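Chemist: Based on what follows, work out the 3D shape:
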Amino acid sequence: MKKVLLITLVLILTAGMVFAGGSKEKGEGDGADGGKQFIVIKSSSIGGSWYACGAAFAKLISDNTKYVAMNSASPGLTNESIKAMMDGKAQLGLADAEAAYAALKGKDPWTAPVAVNNLFTI
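Modeler: Purely as a prediction, here's the structure:
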């Protein structure tokens, strides 16, 4: 288990270094500098199944669009993903169907309807 965790951490650090270098290609992105747009995907902590799904979607999006997607590994699941999207800290998230529906309709624990950009439900 420790070996898997170590390999995962090394891969994350390597990916961070690659993304930190970035690239600016003329005409890409919406900024005046022509930089690529970044998308943050809110998943779960490292080792969880949602983290693996978020990482796979980040690669899929980065490889096939002009966007660079990054998987955000942090504790918490559905409600934290929705809060991160509400606060602008993430543009996509993973959530279960019941909680995503409650957020869309503004039901408990939400006091008002919330726009949810949910990749898929588990």
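
Chemist: Low-confidence regions, this protein specifically.
Modeler: Along the chain, segments meeting pLDDT under 70 span 1-34, 117-122.

Chemist: does Ala52 sit in a helix, a strand or a coil?
Modeler: Counting by DSSP: H, G, I helix; E, B strand; the rest coil, the backbone at Ala52 sits in helix.

Chemist: Can you report how many residues lie near it?
Modeler: Using other C-beta atoms under 10 Å, Ala52 has 15 neighbouring residues. (C-beta placed from N, C-alpha, C; glycine too.)

Chemist: how far away is it from Ser43?
Modeler: According to C-beta to C-beta, to the nearest Å, Ala52 and Ser43 sit 8 Å apart.

Chemist: same deal with Tyr101?
Modeler: Between Tyr101 and Ser43 the computed distance is 19 Å (C-beta to C-beta).

Chemist: cool, and Lys105?
Modeler: In terms of C-beta to C-beta, Lys105 sits 24 Å off from Ser43.

Chemist: Looking at these two now, which is surrounded by more residues?
Modeler: Using other C-beta under 10 Å, the more surrounded residue of Lys105 and Ser43 is Ser43, with 28 against 11.

Chemist: can you give me the strands for this structure?
Modeler: For the chain, applying DSSP state E gives strands covering 37-42, 67-72, 92-93.

Chemist: Could you identify which of those strands is most buried?
Modeler: Greatest average neighbour count among these goes to strand 92-93 (a mean of 25), per mean count of other C-beta atoms under 10 Å.

Chemist: What helices and strands are in contact with that strand?
Modeler: Applying 3 or more C-beta pairs under 8 Å, 6 or more residues apart in numbering; DSSP states H and E, one finds that strand 92-93 contacts strand 37-42, helix 78-86.
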